[in-house]
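*Asks:* sequence and predicted model, in that order:
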Amino acid sequence: MFFLLIVTKILFIALIIKTLTKQRMKNLLLFLLIPFISQAQIVNGIVKDKNLKEGISFLTVAIENSDVYALTNENGEFQFNLSDINGKNIIIDNIYFEPFSKKINDGNYINIELTELSYTLEEMVLYNQPIKKVFEEIISNSEKTLKTNVKINAFYREDYFKNGKKYFFSDGIIDFYIKNKTSKIDAVILESRVIDSNSDQQLDEIDLEYIAGLSPDEMIEMGMKFNFIKKIIKDKNYDFHVTSKKSGDNELHTLYFEPIPTSTERFLFKGKVVFDDSAKLIYEMDVQFDDNFKQFNKEINILILKIKMNDINYKVKFNYNNNKYYLTYLNQYFDCDVITKKGKNSEKVIGKTELIALGIENTSTFPNKDSIFKKKKLYENGNKFSYEFWNDDLIKNYIK
């Protein structure tokens, strides 16, 4: 079986075995929700926890009554073009913090401090039907509520290590097209660069085929179609329970899952899904191998290789702002040993793939077949960029 349509093929094996020209860039700016205009006046800001005085990562800062938003980086920093926000309210509506709204009338640094909501202790929730059935409805509604016939513009990066050393790094700007009534998500690479340890030599084709994780379209498809949690919900090897906690009129629910104590299946996970029970929308998912069951993780036989999965971690975040529900962040991490079937060579491979949604818009125009990226990794697109996008003020915010 293939390596999880790489790691989806790993994630699913784990569960089932389970060129842009400058002119074109100018045209693109009309559609991006967060324009890449280096000449425009940039307004910087930071969002901190009021009590901890620490930056809050991957939090959506939106412009009221619009589709324009920014996502904070790991340090809580964000940026807008002044022309987008001047004279308008920026808002933050997050499940963990008190709502925030502020009108911006100048280009000064924006310092935001949020007060964490004081939730009650978690209490067990009992349903009058099986939790699996309840959550199947929540998954279905979340999938339907996510916009279709849309284009998501994203910053995307792949970071891989072999035997403790940097193997290759690639990043780029990608448009993802999600068409209504289809299971396929198409990726169009706008900009890409590659940094690897092999100088002029291409990476081993076997590596790209079997140990390089999800392809870009598979990565976002897995998040927007909730494929991972769908598999877990249907798996008989898991126990589930739901808790809720309240803060005033806000009520937050969390589905926890873990392997049943008697299970000896390989690739068993534990994790949680944070959701709104009344709106039936998923906000966060965090899934990883259960340490107590790693002993059952037998090797996967793939053609001339054996692969031993040591760890997998998968995170995804969604946001609900201005009455719109959309994906904002995806992160996949895996650690595996790759062994030849003769057992003579063994290599440790660690990979991290990350997707940060920069903007989303409705579209009725979809790419032609020739422009769709069909390869396994962004790395294979090579260095094809019309400008040094990694030095763009906006992108630098995410790659510090």
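*Replies:* Here it is on my side, so go on.
*Asks:* residue boundaries of the strands in the stretch 1-150 of the chain?
*Replies:* 4-5, 42-49, 60-63, 69-71, 77-81, 88-92, 100-104, 110-114, 123-125, 150-162 (DSSP state E, counting those that start in this stretch).
*Asks:* pick the most buried one from those strands.
*Replies:* strand 69-71 (a mean of 26; mean count of other Cβ atoms under 10 Å). All C-beta spots, glycine's among them, are computed from the backbone N, C-alpha and C.
*Asks:* direction included, what does that one pair against?
*Replies:* strand 60-63 (antiparallel) (DSSP bridges).
*Asks:* and the closest residue to residue 149 other than its chain neighbours, how many neighbours?
*Replies:* Leaving aside its sequence neighbours, residue 149 sits nearest to residue 180 (Cβ to Cβ, 6 or more residues apart in numbering; 4.8 Å). Counted with other Cβ atoms under 10 Å, the neighbours of residue 180 add up to 8.
*Asks:* mind listing what's buried in stretch 271-291?
*Replies:* Buried residues in stretch 271-291, counted by 16 or more other Cβ atoms under 10 Å: 271, 273-277, 280-285, 287, 289-290.
*Asks:* quick check: of these, which lies closest to residue 380?
*Replies:* residue 287 (27.2 Å; Cβ to Cβ).
*Asks:* longest helix anywhere in this structure?
*Replies:* When the chain is parsed with DSSP state H, its longest helix is helix 131-145.
*Asks:* for that one, packing partners?
*Replies:* Helix 131-145 sits against helix 227-234, strand 238-247, strand 269-276, strand 281-289, with contacts defined as 3 or more Cβ pairs under 8 Å, 6 or more residues apart in numbering; DSSP states H and E.
*Asks:* for it, buried residues please.
*Replies:* Neighbour-count burial for helix 131-145 [16+ other Cβ under 10 Å]: 131, 134-135, 138-139, 141-142, 145.
*Asks:* for those, give me a markdown table that also has pLDDT and distance to residue 66.
*Replies:* Shown next, in a markdown table, are the buried residues of helix 131-145 (pLDDT from 0 to 100; distance: Cβ to Cβ, whole Å):
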| residue | pLDDT | distance to residue 66 |
| --- | --- | --- |
| 131 | 94 | 38 |
| 134 | 94 | 34 |
| 135 | 95 | 32 |
| 138 | 96 | 28 |
| 139 | 95 | 29 |
| 141 | 94 | 25 |
| 142 | 94 | 23 |
| 145 | 89 | 19 |
